[in-house]
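In: output the structure for:
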Amino acid sequence: MQIEKMNLLEKFSKFSEHFSPKIIADLNGQQVKLGKFAGEFVWHSHENEDELFYVVKGNFVMQFRDRNIELLEGDMLVVPKGVEHCPVAKEEVWVMLFEPAATLNTGNTENEFTKKQLETI
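Out: Next comes the predicted model:
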């Protein structure tokens, strides 16, 4: 096994698609993913998985049914399993996600944003 460091900005430079997370690492059944998005995603929840969002660049609003939380560069938020949410970004945002490897990006909703096979970069 070779242990190497990685640079997040270099990894983000390898893709431009929105709402198409990329895997950058695996650890203890979890995956570290990078995503770019702009606009509104889809309302969804994850029945069995918590989801961690860390804002690397930009900002966005995580909508919940009872309130909205604005996340700025450097902010982090954990969405507990079963909680319906919808990320919205007025401009492109870069986000790092930590979640179980089996987590489907659209959770309990399948539509044009659903990515069943994620690319590793």
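In: need the helices for this protein, in chain order.
Out: 8-12 (DSSP state H).
In: how about low-confidence regions in this structure?
Out: Within the chain, the stretches with pLDDT under 70 are 104-109, 111-116.
In: where is the longest strand in it?
Out: strand 85-100 (DSSP state E).
In: list the buried residues for that one?
Out: H85, C86, P87, A89, V93, W94, V95, M96, L97, F98, E99 (16 or more other C-beta atoms under 10 Å). (Each C-beta comes from the backbone N, C-alpha and C, glycine too.)
In: also stretch 26-34?
Out: Q30, Q31, V32, K33, L34.
In: kindly export that stretch (C-alpha atoms) in CSV.
Out: Coordinates of the C-alpha atoms in stretch 26-34 are reproduced here as CSV (Å, rounded to 0.1, in the frame of the first residue of the first chain):
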residue,chain,number,x,y,z
ASP,A,26,-12.1,5.4,1.1
LEU,A,27,-11.8,4.9,4.8
ASN,A,28,-13.6,2.5,7.2
GLY,A,29,-16.5,1.9,4.9
GLN,A,30,-16.9,5.7,4.3
GLN,A,31,-16.0,7.7,1.2
VAL,A,32,-14.7,11.1,0.8
LYS,A,33,-16.3,12.8,-2.2
LEU,A,34,-15.9,16.1,-4.0
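In: chain center to it, what's the gap?
Out: The gap between where stretch 26-34 is centred and where its chain is centred comes out at 12 Å by C-alpha atoms, centre = their mean, to the nearest Å.
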